[in-house]
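Visitor: below: sequence and its predicted model.
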Amino acid sequence: MKVGLVIMDENPADGLKIVRAADRAGVHSLWSIDYYNRSSLTRAAAFAAVTENAIVGTSVTPLFARSPLALASAAADVQAIAGGRFVLGVGSSTRRMNQDWYGTPLQHPAPQVRERIALIRRLIAHRHGPFSFEGRFDRVSMAHYDRTALPDAMTILAAGVGEHMVAVAGECADGFVGHTIASAGYLRDTAAPLLAKGAARANRDATGLRVTTQIVAAASADPRAARRDAAAQVGFYSTPKGYDLLFPDGQFAAERAAARAAVAQNDVPGVIAAGEPMVGERAVFGTQEDVAAQLRRYADVVDWAILYPPHFGVDPDRIHANELSLIEVAAAWTS
């Protein structure tokens, strides 16, 4: 298992300091996220420009926040800057985010993801001449399209939680991105069979899929503070009802309901209290040694573990300090 790091600083200039330090330390991979206050692709381009060795990826880029052509062009640019080290991680995002944030309806998520990934691949692979695509959801038509100087391929990973979305990742992507609070048990017992099912549907070999997952990770000389930060993030991410498959048989139903109510009231202590019972199996936290030891439960489940620093209710200085600590964990694990 290789261990990478999500760069969580809101200020991209601060994030680049972490990226440079992590690349020097030998961290396997460095990842950006997309959110209402940051662009995963812009940051990935910056990461690629200041690194030499680490894989650079997005974990994840919303597939429908940008037009297919804009996404393909940006991804090809980043791949060129990275010299082939770029991995495009994509996901559907939730219906609410698509409608309220991006102004894009998401009515049939699984087939829309399948079609959009196929279109992105075709756009990146196309060299010159007219381009036309007429799908169920997407349409692109250009009389002239010339991209001979840019890469014609890249690794695409797809995120998913529910049955259909995970299977689609197995069907059409090069690998899978597990959710930030997916337990090792979920990844092994639920996600892996669904990926295999999707791969079989497309006559693909599931063993060739790269399985990755984000993992809430907090490392500190103060283990109680690390646990608190991890519990806040786990509690926050447990709230969407669309993540029910991560909690089989109604697991932690009361805690999730409490977290949902606390988030609605901006009650950070309430979110932490709700996350506390869940944090043991859905995060890694404590001292650097504690984090490294807890990561072992994922070692036989995923190819790449992506450490995700908590940010909900965590001030910027603590996020930055945690990233510096996690660099040491990731680099030591790789070595």
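Guide: Happy to help now that I have it. Residues are numbered from 1 along each chain as shown.

Visitor: CA only for contacts and neighbour counts going forward, please
Guide: OK.

Visitor: for Ile55, what are phi and psi?
Guide: phi -60, psi 140 (degrees, to the nearest 10).

Visitor: what about the spatially closest residue to it that is not a sequence neighbour, how many neighbours?
Guide: Of all residues not flanking Ile55 in the chain, Ser29 sits nearest, at 4.4 Å (Cα to Cα, 6 or more residues apart in numbering). For Ser29, the neighbour count with other Cα atoms under 10 Å is 26.

Visitor: so what pLDDT did Ser29 get?
Guide: Per-residue pLDDT puts Ser29 at 98.

Visitor: do the one 3 residues further on as well
Guide: Per-residue confidence at Ser32 stands at 98 (pLDDT).

Visitor: ok, it touching Met8?
Guide: Yes. Using Cα atoms under 8 Å as the test, Ser32 is close enough to Met8 to be in contact (7.4 Å).

Visitor: if I look at the residue nearest to Ile55, how far off is Glu255?
Guide: 33 Å (Cα to Cα, to the nearest Å).

Visitor: also Val60?
Guide: Val60 sits 27 Å away from Glu255, going by Cα to Cα.

Visitor: neighbour count winner among the two?
Guide: Neighbours were counted for Val60 and for Glu255 using other Cα under 10 Å; Val60 has more, 24 against 20.

Visitor: quick revisit: Ser32 and Met8 - which one has more neighbours?
Guide: Neighbours per residue (other Cα under 10 Å) separate Ser32 from Met8, with Ser32 holding more: 27 against 23.

Visitor: OK, contacts around the more buried one?
Guide: Ser32 sits next to 6-8, 40-41, 43-44, 57-60 when contact means Cα atoms under 8 Å, 6 or more residues apart in numbering.

Visitor: show me what contacts the residue nearest to the spatial centre of the chain?
Guide: Nearest to the geometric centre of the chain sits Ser59, at 2.8 Å (Cα atoms, centre = their mean). The contact partners of Ser59, by Cα under 8 Å, 6+ apart, come to 6, 31-34, 40, 88-90, 177.

Visitor: any of these buried? List them.
Guide: Among those, the ones that count as buried by 16 or more other Cα atoms under 10 Å are 6, 31-34, 40, 88-90, 177.

Visitor: could you pull out the buried residues of the helix or strand Arg43 falls within?
Guide: Element membership for Arg43 (DSSP states H and E) is helix 40-50. Residues 40-41, 43-49 are the ones in helix 40-50 that count as buried (16+ other Cα under 10 Å).
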